[in-house]
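J.: predicted coordinates and the sequence they were generated for:
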Amino acid sequence: MTYRYQEWQDSLHNFDDYSVLTLDLCIYLRHNLRNNVSVFKVLSALESLWKVTIPARDTVLYAYSHFEALTSHDYSFSCVCCGYYPSVVVMDLHKKGVFNFPVSDIKDAPENFPGDVNIEEFWDSIQDDFSWLCP
């Protein structure tokens, strides 16, 4: 049986037995993401600060994502399709497309609606309702 060391009391996060992140780094990455700084930009800054090269940036991103997946979070968002606490959370630049909007505020389609949509007309019709999203 393969055993992977995963003891957070020692402040380490073992991703794949080859990639081990400190919990301080994981928390630091989390705070940067909350301030709209991507993982790769943080890694570039750390390389410059520490005068080292981080060879596998994708692996660091995967290891950090693994850390977040194992962490308990309080979620305060919902998805129109999935309801509260959707199974997929998109981070970084897509964050701008996530907002709190009650499903009850969505108007039903008219009974004679054929299913065809002109996307330009659609966005023009709702632009005033969502003008607060894009200043």
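T.: It's in. Numbering: from 1, shown residues only.

J.: show me where pLDDT drops low in this structure?
T.: Applying pLDDT under 70 to the chain flags residues 1-7, 75-103, 126-135.

J.: let's see 50
T.: 92-95, 134-135 (pLDDT under 50).

J.: which parts of it are strands?
T.: Counting by DSSP state E, one finds strands in the chain at the ranges 12-14, 20-22, 78-79, 83-84.

J.: what pairs with the first one, parallel or antiparallel?
T.: Going back to what we said before, that points to strand 12-14. Strands adjacent to strand 12-14 in the sheet, as given by DSSP bridges, are strand 20-22 (antiparallel).

J.: for the partner strand, buried residues please.
T.: By 16 or more other Cβ atoms under 10 Å, the buried positions in strand 20-22 come out as L21. C-betas here are computed from N, CA, C, even on glycine.

J.: ends of stretch 15-33, how far apart?
T.: Terminal residues of stretch 15-33 lie 20 Å apart, using Cα to Cα, to the nearest Å.

J.: that stretch: which residues count as buried?
T.: Neighbour counts over stretch 15-33 (16+ other Cβ under 10 Å) mark 15, 21, 25-26, 29-30, 32-33 as buried.

J.: now for those residues: which two are most distant?
T.: F15 and N32 (18.6 Å; Cβ to Cβ).

J.: partners of L21 in the sheet?
T.: Applying DSSP bridges to L21 yields these beta-bridge partners: H13.

J.: from E120, how far out is it?
T.: 46 Å (Cβ to Cβ, to the nearest Å).

J.: and D105, by the same measure?
T.: Distance, D105 to E120, by Cβ to Cβ: 23 Å.
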